[in-house]
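Engineer: Quick one, structure for this:
(chains A, B and C)
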Amino acid sequence: MSVDKETLVKVARLACLRLAAEKLEPLTDELNNILEWIETLNEVDTEAVAPMTSVVETDLRWRRDEVTDGDYAADVLANAPDVQYGFYAVPKVIE
Amino acid sequence: MSDPRTSGLIEGASGDWEIVIGLEIHAQVISQAKLFSGAATRFGAEPNSQVSLVDAAMPGMLPVINRECIRQAVRTGLALGAQINKYSVFDRKNYFYADLPQGYQISQYKQPIVGPGFVTIDLEDGTSKDIGIERLHLEQDAGKSMHDQHPDLTFVDLNRSGIALMEIVSKPDLSSPAEAGAYLKKIRTIVRYIGSCDGNMEQGSMRADVNVSVRRPGEGLGTRCEIKNVNSVRFVMQAIVYEASRQVDVLEAGGTIALETRLFDPQQGETRPMRSKEEAHDYRYFPDPDLLPLEFDDEFIAAARASLPELPDLKKARFEADFGLSPYNAEVLTAERQSADFYEELLEELAKLSGKPAKEVATRAANWVIGDLFGHLNKAAVAIADSPVSAARGAELLQLVDDGTLSGRMAKDVFEEMFASGRSASEIVAEKGLRQVSDSGELETIIDRVLADNPTQLEQYRAGKDKVLGFFVGQVMKATAGKANPKVVNELLAKKLKG
Amino acid sequence: MSDLRDLKIAEARDGLRRGEYTSRELTAAHIEAMAPARELNIFITETADQALVMAEAADKRLKAGPAPSLTGIPLAIKDLFCTKGVRTTAGSRMLDEFVPTYESTVSANLWADGAVMLGKTNMDEFAMGSSNENSYFGPVLNPWRAAGSKDNLVPGGSSGGSAAAVAAKVAMGALGSDTGGSIRQPAAFTGTVGLKPTYGRCSRWGMVAFASSLDQAGPITRDVRDAAIMLTSMASYDAQDSTSIERPVPDYEAALSGDIRGLKVGIPEEYRIDGMPPEIEALWLEGEAWLKDAGAEMVPISLPHTSYALPTYYIVAPAEASSNLARYDGVRYGFRKPGTGGSLSDMYEATRGEGFGAEVQRRILIGTYVLSAGYYDAYYLKAQKVRTCIAEDFRQAFESVDVILTPTAPSAAFALGAKSADPIAMYLNDVFTVPASLAGLPGISVPAGRSAEGLPLGLQIIGRAFDEESVIRSAGVLEAAAGFDARPENWWDSAK
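Structural biologist: So this is what the prediction gives:
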């Protein structure tokens, strides 16, 4: 599988990254090199192999249903680029 | 022409079209804390106050799952007669939105906690239909975006961010707006019964994404449109009617339906494409590496099952079988668990007071609860849990009628007073000296006087004007200040007039 | 007071208790060394004032009675760990001005034990890199230079600043993080000891995430004993991290018995890769000899899927990163750039397009691609299956051996810019470290020799999950046998 410029643009949009036009060509080549390299995995027969879910053998821990956190809006907003009336503010979204 | 709301058929210029509907219901789990954080879930708090560092997706923050949310999902799955998956996986659903702090939603994709099940809905024509449930999974809610607070900005509040939702996905088994409405109501009834969701659609703790397509009868499924976040049963039905007609119009004009996400505008009563969702999404689901697979044993499921109350369908069947209630009465009384509980308590009390088997007084009690009590509660917008008239006092009132102390008419007045003051029927009866006069000797004296006082009317009656009987009854009631037992008065009058 | 900087943590611990010097003096000596070391670009943020306050508190604690080993020891912290009230950048423009309101569990554990924070060290952006050239704050220079050369070398990455801090003796020890080799490889490049614990041994809470299933915090120190001391403090069970493991933390220092008689050491044939420099091969053989002399038994083993480890890693890690880094959107914290169109998505694209550097963007693109519809099974799912094979290789090997000995990196430190043009050449740096990362196993790099140019070379010991003790014990023996005591010349301090 190889990536063309259009695919790269699509992927960049999915990732919300604006790529400069002059970067598309070299980046496409780079990605193709990397993809070609990682495709060596196809040599491995994984027919009967389960995908890794966790490297450590343990059970998912469950929390008790108690309110133990929150109630510090100031902390939550402390690093925000734009705060208005206790809300995060972003460019207007039209639904 | 049939009504498409119930028939699910749209008569187009070129023939009939069927509507095919599937619902994805998002039900907020009742829990103290969020799905993956310890922040509170209360409704209506100050903006961004019920937000933990985890909910705000600060760098390095990690999710830890809330046991109660797992338990509630399993209970709901059991109530839907669904398969419970002892092994399920949390995935990340990746997309960007201002109120989605992580840039992904933790959800369940290929391996949900609950698999296939079904619910039975009752239709207006008296039949019922099984609607397939495809799955139920747990996921995080997003925050809330407000677009109307500022001319150039959208405001984001993360209080909802991370609250546990159950997404209940139906099969496309719904074939009319009425069925969709009945299904939504049924799911709401079930989750409220078992206490896994408060079903409050106004506050957004329950909302539905509606998938609508149309097709020629007998043909395969058409392309569907998804109407996002519809927040009332009525709107769901309106949105389907509008959307199906729109699709028929497009198709009949030779167009094609685009697979898209739309928004229902209740003011205009129409759906329109969502601009913010224009791009086809590729959510890049993959198992969340911050979480391990979710596993539990049969014991956990058994405990969840043991915690379930009697479910509405079973309760309704029992009310019909044990109490001889009509399907309608049984349906209305079991629509809410609190109503059913109230009714059963009242019935038990009434049986005790009257010394009669419950079945004998059940229908009378049901009619009173549904007619008188519900009527008043609705008018006063009071929930049954807050009813000023308790079940025991309701039973007492009914018993006063049954033992002849109060006439039906008097009982209505007494109930009004009970509802307004919260006092018991016996108190009111004692205070006002209300006691129905059924003594025939006493009544005969009064009747004789009324007949003597109204010779003209007596003449008319004897000449064949039967209607005058009502006049005499009225006069007797007036003379007794409404306390005369109408049944006895009628009997005595008939006898006297004949003689 | 430069002699204070020659002390190892264990020595300073004893000296502090004997009252030979105070933590304040020890800390001041290191702060003094930080100024000339700016030439090396080790720190993104220096916290000298805070360090002195912490040192004074440590001195009080030492005076009051028994105190933990790290009390009063000045340390450097990789800027990947969130530190309350202290800017935490992850080496990125995206977090240039980010000041956490919380403290990572691992650093909190160190402070609870009385350690002193000197500052936050430079690193490859979001821990993505093997040379520390991917930092928004500029590259870190390796304190080491080839004999007779004035050319600058990379310190390795991504914990390059932490490794350089220890090598240049501006910190007694440093906190690093390892996703595919980010502690072990820079340790090998700088003649320091770098220990990556078992996945789940140290909490990831408050550590800026790169690849969640691989990231693990660990120490970089001057010797194995110091690494053991630091790990004992850092490791804990943390209920806030679902992947943290609830098991007791042993006193890792006690594992340094020096006795490895009867220990079975696996030598994996697949690690003899094509083009491995002869001096690396020779060092590896020397390592075998040292361990054999100490009474261990060498056992040839096979880890058949070794050559697939790097490609597997370069699917799994970018995939997780593409999702982990989605939160950097300019809404709640960090860099924000309004887009030209003025819409929310314009802002996202501009913010992320300018806030992330080239390598981070490259990996986000790869990760996004391998997870996207139609490619998930071919790439991501396939990689997770091969990952199972790799873990299974180790599991089988550990049925017959106790630890595994390999080189840490395929070369010594290289020149700045030498591999910048070729991502894959850069990725190959981690060829020996990535397999243990994928299997979640503990690994340590010990400086064991020098290249022909006089640069440090490291050997790696990999152990069973949660058997850091065997790893530390055998590393201690290796270290003693190698007797590596060379230090870089202090060329950066012109005043000296």
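Engineer: any idea how far the closest residue to chain C within chain A is from residue C:384?
Structural biologist: Residue of chain A nearest chain C, by CB to the nearest CB: residue A:55 (3.0 Å). Every C-beta, even on glycine, is put in place using the N, C-alpha and C of the backbone. Remark: distance between residue A:55 and residue C:384 (CB to CB, to the nearest Å) = 11 Å.
Engineer: Kindly report the same for residue A:20.
Structural biologist: From residue A:20 over to residue C:384 the distance is 33 Å, taken as CB to CB.
Engineer: What of residue C:185?
Structural biologist: Relative to residue C:384, and taking CB to CB, residue C:185 is found at 24 Å.
Engineer: which one of these two has more residues nearby?
Structural biologist: Each of residue C:185 and residue C:384 has its neighbours counted (other CB atoms under 10 Å in any protein chain shown); residue C:185 has more, 34 against 23.
Engineer: ok, for the more buried one, nearest residue in space, not its chain neighbours?
Structural biologist: residue C:156 (4.6 Å; CB to CB, 6 or more residues apart in numbering or on different chains).
Engineer: That neighbour contacts residue C:132, correct?
Structural biologist: Yes - between residue C:156 and residue C:132 a contact is recorded at 6.9 Å, counting by CB atoms under 8 Å.
Engineer: shared neighbours, those two?
Structural biologist: residue C:186 (CB atoms under 8 Å, 6 or more residues apart in numbering or on different chains).
Engineer: Let me see the contact set for residue B:87.
Structural biologist: Counting by CB under 8 Å, 6+ apart, residue B:87 makes contact with B:111, B:293-295.
Engineer: Is it correct that residue C:349 is in contact with residue A:20?
Structural biologist: No - if you go by CB under 8 Å, residue C:349 and residue A:20 don't touch, sitting 11.5 Å apart.
Engineer: burial of the residue of chain B found nearest chain C, as a residue count?
Structural biologist: Closest residue of chain B to chain C, CB to the nearest CB: residue B:103 (2.3 Å). Per other CB under 10 Å, the neighbour tally for residue B:103 reads 24.
Engineer: measure it to residue C:372 for me?
Structural biologist: Residue B:103 is 15 Å from residue C:372, by CB to CB.
Engineer: swap in residue C:160?
Structural biologist: Distance from residue C:160 to residue C:372, by CB to CB: 32 Å.
Engineer: okay, the two: which has more neighbours?
Structural biologist: residue C:160 (37 against 21).
Engineer: Buried residues in stretch C:288-306, which are they?
Structural biologist: Using 16 or more other CB atoms under 10 Å in any protein chain shown as the test for burial, stretch C:288-306 gives C:288, C:290-291, C:294, C:296, C:298, C:301, C:303, C:305-306.
Engineer: wait, I meant stretch C:303-321
Structural biologist: Using 16+ other CB under 10 Å as the burial criterion, the residues of stretch C:303-321 that qualify are C:303, C:305-321.
Engineer: ok, and of those, which contact chain A?
Structural biologist: C:305, C:307-308, C:311-312, C:314-315 (CB under 8 Å from any CB of the partner chain).
Engineer: which SS state does residue B:410 fall under?
Structural biologist: Assigned state for residue B:410: helix (three-state reduction, DSSP: H, G, I helix; E, B strand; the rest coil).
Engineer: I meant to write residue C:318 there.
Structural biologist: The three-state assignment at residue C:318 reads helix, by three-state DSSP.
Engineer: ok, it - contacts?
Structural biologist: Neighbours of residue C:318 in contact, by CB under 8 Å, 6+ apart: C:211, C:363-364, C:366-367, C:370.
Engineer: how deep is residue 10 tucked in, by neighbour count?
Structural biologist: Since you didn't name a chain, this refers to chain A. Count around residue A:10 with other CB under 10 Å applied: 17.
Engineer: wrong one, I was asking about chain C
Structural biologist: Residue C:10 has 20 nearby residues by other CB under 10 Å.
Engineer: Also residue B:406?
Structural biologist: Other residues lying near residue B:406 total 26 when counted by other CB under 10 Å.
Engineer: residues touching it, list them.
Structural biologist: B:397, B:400, B:414, B:425, B:429, B:434, B:436.
Engineer: pLDDT score for it?
Structural biologist: Looking at residue B:406, its pLDDT stands at 84.
Engineer: what's the helix or strand for it?
Structural biologist: Using DSSP states H and E, residue B:406 sits within no helix or strand.
Engineer: Just the pLDDT for the residue in the stretch 251-400 of chain B that chain A sits nearest to.
Structural biologist: Per CB to the nearest CB, residue B:292 is where the stretch 251-400 of chain B lies closest to chain A, at 4.1 Å. For residue B:292, the pLDDT comes out at 95.
Engineer: Check the secondary structure at it for me.
Structural biologist: Applying three-state DSSP: residue B:292 is coil.
Engineer: What is the burial count for it?
Structural biologist: Using other CB under 10 Å, residue B:292 has 21 other residues around it.
Engineer: Now the nearest residue to it once chain neighbours are set aside: phi and psi?
Structural biologist: Distance criterion CB to CB, 6+ apart; nearest residue to residue B:292, sequence neighbours excluded, is residue A:60 at 4.1 Å. Dihedral pair for residue A:60: phi -70, psi 130, per degrees, to the nearest 10.
Engineer: Let me know whether residue A:60 touches residue B:290 as I believe.
Structural biologist: No - under the criterion of CB under 8 Å, residue A:60 is not in contact with residue B:290, lying 10.5 Å apart.
Engineer: longest helix of the chain?
Structural biologist: Let's take chain A. The longest helix of chain A (DSSP state H) is helix A:21-38.
Engineer: my bad, chain B
Structural biologist: For chain B, assigning by DSSP H, the longest helix comes out as helix B:233-252.
Engineer: Dump the C-alpha coordinates for it into PDB.
Structural biologist: What follows is helix B:233-252 as a C-alpha-only set of coordinates in PDB (Å, rounded to 0.1, in the frame of the first residue of the first chain):
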ATOM      1  CA  VAL B 233     -40.800  11.700  22.100                       C
ATOM      2  CA  ARG B 234     -42.900  14.200  20.200                       C
ATOM      3  CA  PHE B 235     -39.900  15.600  18.400                       C
ATOM      4  CA  VAL B 236     -38.700  12.100  17.400                       C
ATOM      5  CA  MET B 237     -42.100  11.500  15.800                       C
ATOM      6  CA  GLN B 238     -42.200  14.900  14.100                       C
ATOM      7  CA  ALA B 239     -38.600  14.600  12.800                       C
ATOM      8  CA  ILE B 240     -39.400  11.200  11.300                       C
ATOM      9  CA  VAL B 241     -42.500  12.400   9.600                       C
ATOM     10  CA  TYR B 242     -40.600  15.400   8.100                       C
ATOM     11  CA  GLU B 243     -37.500  13.500   7.200                       C
ATOM     12  CA  ALA B 244     -39.300  10.600   5.500                       C
ATOM     13  CA  SER B 245     -41.400  12.900   3.500                       C
ATOM     14  CA  ARG B 246     -38.300  14.900   2.500                       C
ATOM     15  CA  GLN B 247     -36.600  11.700   1.300                       C
ATOM     16  CA  VAL B 248     -39.700  10.600  -0.700                       C
ATOM     17  CA  ASP B 249     -39.800  14.100  -2.300                       C
ATOM     18  CA  VAL B 250     -36.100  13.800  -3.200                       C
ATOM     19  CA  LEU B 251     -36.400  10.300  -4.600                       C
ATOM     20  CA  GLU B 252     -39.600  11.000  -6.500                       C
END
